[in-house]
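Asker: below is the structure, and that's it, no one-letter string:
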């Protein structure tokens, strides 16, 4: 690579490149729901001019918005993480029938290894199941180019296109060549096409045949698609691969012949057949499921895949070399040191609620967000977590199964954004079917875990424009919840009292724990009054330590040291607050029975 | 043959690891090299262990450094330098901010912060450059420049001139440029 060529290129992440690609492709409408590793696509796209970008309350709504915009003729991008596509699966499968007017591309950002997810499902299977074409780039530069192609395919073949990335494409940075923005070819206007857009059985049967015909045409198209290419090399072992796995193959086996596939579905079977005929041993390298392998084998082509290469977690060149018997260098064994899992921030309002809730003898049905970290010790205040919105249904189901035994024993904990996403229907069910469970909405005004995206209850949009904020209290009352209580989660005493009252109540109740995320810009700017511990007064009882706040550290003492400090010999240590980390939330102050914690400025 | 190498940045979420890796990447790119960098966002950023892989050379394919292949590691916290030992090799050079942040199990008194951790590296022949990033940063005028001190210490090993780095700092750091340049130069002195 010469100096000149790097100069004209931009250093972009996969997600930034996708945003750029969407803009260059003439996208005018984009919708999605935040989820790692997809979030930064819309956060970048909303900074481009002439693109309407929004956060939808969930992925199903986002895809429906996308379909509407496409039916109107616009080019549309819809983004979500892999599990989000489960939520959007209903419109997805039928969108294959309606087809499009303006091109629509749906990003599914998968997370092999589960860096930030509850499962590692392989969404390539959706392309097969929903009968939709799927493209997969290997790096940011390819992501931009391939995305533009995806819009052409969408319009030429009258189909939504799935576009799959993984964490190591989305969150990888590389050099990317940029182009100019070009509008889509379809006029944006109302055009009624009921036979195509109204999926009643009579119409759907016709469209079902259109899908079959489309897939046949696509199967021919991908045979000469430029993104699918044979790279020359030694033929003792030949590799078929796509996505980030292609890069691992190039790194581990730079001398070998490679068939790189960008069209994950449908597959260029003739290309594969030809390639298979040219190599002695055909090896399929792909992360997660044997997707390529299964379909290649089903076509009667012999290959080696998951028999040698792991079907779980991420791959890398090292794993490939090991799997295929190639020499690797020396690798040191890991050293046994304390783990460092993520934790709630100092001053996090969730901590106060979980501390109070952990004292109750209840089953805590949890949900997806920062607050899932309430599972970790010392709070250990979560007993289940399945998917977005599940907390409420799970708590209600337990309540019904347990009957009288379960009275006052089941609680659901859900964040504001997750409640907006898919918690509301669960609450409707609780009221409709008279549950005795309690729902706690942790309302910190924002979708925090993915990096502070506004949601329908936040009062602003992705464009940072003011918006009507859903009033959670009024919403719950309108659903028919008679007992809706507001608490400040930092006020631990009050929290405990309200929790006890509502959990005992044999009918549905909602507690809204309201306090903004401490990392919000306006919260960061607010003047803080950090706390400090008074070492002489600390008895080492450990109560504040059990909050699990990163700003509070346990300082162990030997009997000798304790004596020297004028403490009882059996005192095993004391708590120390790190003033630099403290956000002054006051939770530790509230739980300390020995008045050993004060505002730092009062101690001096 | 153009130079090539693998740099691992590690530490605790919120320590400025991504900015340090961005500045290093920009400097390498400015010399006409290819590069790729891999990060993990989301769950990993809430005070957990954070790592970024940066690879450079004439043409870089994989965005991940293989185990045993990191030529350099820049650790923002002592224990984190040791956590990523499987990525290092005997000729690796490791720059360590000697700062300690107690992980939850230590902060709650369930485990102790191991003593003499860096011996785990030096005992395997790895060259370690320990430095007190915060003290150096404070002396340079702003405690928040500790990450730039570490970049400075790393920079002497890279095929990039000091002027290129200074140019990148100018472009990437909008505030307190003087303090950052001072921090960078102090870092450089440690490994020069």
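Answerer: Ah, there it is. Computed from a predicted model, the values in this text were never measured in an experiment. Numbers count the residues shown, from 1 in each chain, chains lettered A, B, ... in the order given.
Asker: give me phi/psi at the most centrally placed residue in chain B?
Answerer: Central residue of chain B (CA atoms, centre = their mean): residue B:74, 2.6 Å from the mean position. Backbone torsions of residue B:74, given as degrees, to the nearest 10, read phi -120, psi 110.
Asker: what does residue A:19 give?
Answerer: The phi/psi pair for residue A:19 (degrees, to the nearest 10) is phi -60, psi -50.
Asker: show me where the stretch 1-150 of chain A has strands.
Answerer: For the stretch 1-150 of chain A, the strands defined by DSSP state E, counting those that start in this stretch occupy A:9-13, A:29-32, A:52-55, A:76-81, A:104-110, A:134-135.
Asker: name every strand pairing with the shortest one and say which way it goes.
Answerer: Using DSSP bridges, the strands paired with strand A:134-135 in its sheet are strand A:161-166 (parallel), strand A:263-265 (antiparallel).
Asker: residue A:543: what secondary structure?
Answerer: Using DSSP: H, G, I helix; E, B strand; the rest coil as the criterion, the local structure at residue A:543 reads coil.
Asker: number of nearby residues for it?
Answerer: 16 (other CB atoms under 10 Å in any protein chain shown). C-betas here are computed from N, CA, C, even on glycine.
Asker: ok, it to chain B distance?
Answerer: Separation of residue A:543 from chain B (CB to the nearest CB, to the nearest Å): 12 Å.
Asker: which of the strands paired with strand A:134-135 is buried the deepest?
Answerer: Highest mean neighbour count among the strands paired with strand A:134-135 (mean count of other CB atoms under 10 Å in any protein chain shown): strand A:161-166, with a mean of 27.
Asker: how about the residues of the stretch 501-604 of chain A by chain B?
Answerer: Residues of the stretch 501-604 of chain A lying near chain B by CB under 8 Å from any CB of the partner chain: A:542, A:545, A:546, A:548, A:550, A:552, A:553, A:554, A:556, A:572, A:573.
Asker: any idea how far residue A:74 is from the nearest residue to the last one once chain neighbours are set aside?
Answerer: I take that to be residue A:573. Counting by CB to CB, 6 or more residues apart in numbering or on different chains, residue A:556 is the residue found nearest to residue A:573 once chain neighbours are left out, at 4.3 Å. Residue A:556 sits 63 Å away from residue A:74, going by CB to CB, to the nearest Å.
Asker: who's more crowded, those two?
Answerer: Set residue A:556 next to residue A:74 and count neighbours by other CB under 10 Å: residue A:74 wins out with 23 against 13.
Asker: so the more buried one sits against residue A:68, correct?
Answerer: No: the criterion here is CB atoms under 8 Å, and residue A:74 misses it with residue A:68 at 9.1 Å.
Asker: quick one, domains of chain A?
Answerer: A:3-224, A:229-323, A:349-524, A:527-603 (automatic domain parsing).
Asker: ok now the longest one, how far from the chain's centre?
Answerer: Remark: domain A:3-224 is offset 17 Å from the chain centroid, using CA atoms, centre = their mean, to the nearest Å.
Asker: what mean pLDDT would you report for it?
Answerer: For domain A:3-224, the mean pLDDT works out to 97.
Asker: do the same with stretch A:451-466
Answerer: Averaged across stretch A:451-466, the pLDDT comes to 96.
Asker: same question, stretch B:180-192
Answerer: Mean predicted confidence for stretch B:180-192 is 97.
Asker: contacts for the lengthiest helix in chain A, please.
Answerer: Longest helix in chain A by number of residues, with DSSP state H as the criterion: helix A:201-221. For helix A:201-221, contacts defined as CB atoms under 8 Å, 6 or more residues apart in numbering or on different chains pick out A:94, A:96-99, A:131, A:133, A:153, A:157-159, A:194-196, A:199, A:266-267, A:269.
Asker: contacts for stretch B:117-129?
Answerer: If you take CB under 8 Å, 6+ apart as the criterion, stretch B:117-129 is touched by A:332, A:335, A:337, B:78-79, B:81-82, B:85, B:88-96, B:130, B:153, B:190-191.
Asker: what about chain B, any weak spots by pLDDT?
Answerer: For chain B, the stretches with pLDDT under 70 are B:42-45.
Asker: now the strands for it?
Answerer: Taking DSSP state E to define them, one finds strands in chain B at B:5-12, B:34-38, B:49-57, B:70-75, B:88-97, B:127-131.
Asker: how about these, which one is nearest residue A:385?
Answerer: strand B:49-57 (21.4 Å; CB to CB).
Asker: that closest one: partners in the sheet, and parallel or antiparallel?
Answerer: In the sheet, strand B:49-57 lines up with strand B:5-12 (antiparallel), strand B:34-38 (antiparallel) (DSSP bridges).
Asker: turn those into CSV, including mean neighbour count.
Answerer: Shown next, in CSV, are these (neighbours: other CB atoms under 10 Å in any protein chain shown):
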stretch, mean neighbour count
strand B:5-12, 25
strand B:34-38, 23
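Asker: next, format those as a markdown table and append distance to residue A:376.
Answerer: Output for the strands paired with strand B:49-57, formatted as a markdown table (distance: least, CB to CB, whole Å):
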| stretch | distance to residue A:376 |
| --- | --- |
| strand B:5-12 | 16 |
| strand B:34-38 | 26 |
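Asker: so which strand or helix has the closest residue to chain B within the stretch 351-500 of chain A?
Answerer: Closest to chain B within the stretch 351-500 of chain A is residue A:378: 5.4 Å, counting by CB to the nearest CB. Using DSSP states H and E, residue A:378 sits within no helix or strand.
Asker: over to residue A:470?
Answerer: Using DSSP H and E, residue A:470 falls outside every helix and strand.
Asker: quick one, what contacts it?
Answerer: Per CB under 8 Å, 6+ apart, neighbours of residue A:470: A:420, A:456, A:457.
Asker: pretty sure the first one sits against residue A:57.
Answerer: Pointing back at residue A:420 there. Yes: in this structure, residue A:420 is within contact of residue A:57 by CB under 8 Å, at 4.8 Å.
Asker: quickly list what's touching both of those two.
Answerer: Common neighbours of residue A:420 and residue A:57, using CB under 8 Å, 6+ apart, are A:455, A:456.
Asker: what about those two, which has more around it?
Answerer: residue A:420 (25 against 18).
Asker: now that one: how far from residue A:39?
Answerer: With CB to CB as the criterion, residue A:420 and residue A:39 are 16 Å apart.
Asker: number of residues surrounding residue A:516?
Answerer: 16.
Asker: also the one 4 residues further on?
Answerer: Other residues near residue A:520 come to 16 when the count uses other CB under 10 Å.
Asker: phi first, then psi, for the closest residue to it other than its chain neighbours.
Answerer: Distances taken as CB to CB, 6+ apart place residue A:446 nearest to residue A:520, at 6.2 Å, with adjacent residues excluded. Dihedral pair for residue A:446: phi -160, psi 160, per degrees, to the nearest 10.
Asker: residues contacting the residue nearest to residue A:187 when sequence neighbours are not counted?
Answerer: Closest residue in space to residue A:187, ignoring its immediate chain neighbours: residue A:73 at 5.6 Å, by CB to CB, 6+ apart. Residues near residue A:73 by CB under 8 Å, 6+ apart: A:101, A:102, A:184, A:186, A:187, A:188, A:189, A:191.
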